[in-house]
Every structure is written in structure tokens, then in C-alpha cells.
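Undergrad: following is a predicted model, sequence given first.
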Amino acid sequence: MNTPNNARSAQSKTKLKRAFIRLLESKALSSITVGEICTLAGVNRTTFYSHYSCISDLYNSLEVDIHSFMETTLLDDSISESKDSAVEVICSVLNLVKEYKNFHINYIDKLVELDYVVKLCDEVKARYMPMILQGEDLTEEQQNFIFTFCQNGIVGIIREWLKNGCTQDVESVAHSIVFIMHQIRFKSIY
């Protein structure tokens, strides 16, 4: 039996997710069918439906996986405040975005925020904003404006990078983000 806790079940889920991602390389999300996913994954429809109720459910599962990786990467307690550490963390995130670029590209033109990005931004804000704004005498409103400015800028850079097919190397993009954040932190912006 294909129970949720056995190795075969995990392998089937992995095959379905990989097939789904491959299909996103050539098709819009709305035109992908369960049959296509199953054929490419080499599993039957029963296997698909034993794990997911529909394509949206598969999509949501993939989003949870990506969020979990990014959350673990960005919120790791061992991360230091150095620029090198920041570049390393951002490179990890950008490599994941690049790996799943077609998953993300489906939303770029619509300018829709992915649920996991919104959740992740809230988590990053809670973790890093006190450190970034340490010693600054700012109202809560000013702190929120600065975070919103930074968040939209970083997401904008990643969107532009995705639109350009991720042609710029990951480390260059990460260094640019860290440089901009450093400028915001150490220069008066108002």
C-alpha cells in the first residue's frame, strides 16, 4: 500500500513534483493536466490522487517545500552579521529560485505575491530588522516603511533577474543586494 510514510510514497511525490516543474518549463500552469504530470513522472493517476487532490494541491505542496528551505536558510541561528555570510545566504536563496525559476516565472507578469514570499518576509522582518536598525531612533511606522522599501526592492531585483532568464550569475546578484542593503543601513535615507 502507498502510505504517506513509506519510501515509495516519498519517491512518488518527488517524481510528481519534478514532472510538474519540468512541465512548467514549457507550459503555463493553467494548461498543465494531471495526465501530463503522471505520464512524465511515470506514475498512474491513482498515485497522483493518493497524494494530491488536484494540481493546485501539488503546487501548494511545492510552495511549502520552497518556503521551508528558504525559512531554514534565512533564519538559521548560526548566520553571522558579516557581508560574506549575507552573500552566502542570499546565494543559497537565489540558487533555489533559479532551480525553480519556471515555478516563479508563472507569477512575475501578474505581480502576484506568492504566499510563501509574504510569510517569509514577515519572518525575515522579525528576525533582521531589529539588528539592521539597531541604534536608530525611528518610529514603528518609519521602521515599517524602511522594511517595505527593502522588501520590494529585493523582490524587484529577483523578479528582474527571473525576467532576464537568470543570466546574471547568482553571486553577482547577491553582492548587489548586499551592497544596496549596506547603503540603506549606513546612509540616511530621509
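TA: Yep, it's here.
Undergrad: could you pull up the residues touching the closest residue to L94 other than its chain neighbours?
TA: Leaving aside its chain neighbours, L94 sits nearest to V170 (4.5 Å; criterion: Cβ to Cβ, 6 or more residues apart in numbering). Where C-beta positions appear, they are placed from N, C-alpha and C, glycine not excepted. By Cβ atoms under 8 Å, 6 or more residues apart in numbering, V170 lies in contact with C91, L94, N95, K98.
Undergrad: tell me the contacts of the second one?
TA: Right, L94. Contact partners of L94, counting by Cβ under 8 Å, 6+ apart, are I158, W161, V170, V173, A174.
Undergrad: for the residue nearest to T33 when sequence neighbours are not counted, give me the pLDDT.
TA: In this structure, T33 finds its nearest non-sequential neighbour in I55, 7.8 Å apart by Cβ to Cβ, 6+ apart. At I55, the pLDDT value in this model is 93.
Undergrad: do the one 10 residues further on as well
TA: pLDDT for D65: 86.
Undergrad: on contacts alone, who are the packing partners of the helix or strand that contains it?
TA: Using DSSP states H and E, D65 sits in helix 55-74. Secondary-structure packing of helix 55-74 (3 or more Cβ pairs under 8 Å, 6 or more residues apart in numbering; DSSP states H and E): helix 7-24, helix 34-41, helix 83-99, helix 115-132.
Undergrad: nearest to C166, out of those helices?
TA: Smallest distance to C166 across these (Cβ to Cβ): 4.7 Å, for helix 83-99.
Undergrad: give me the neighbour count for S92.
TA: S92 has 18 neighbours, counted by other Cβ atoms under 10 Å.
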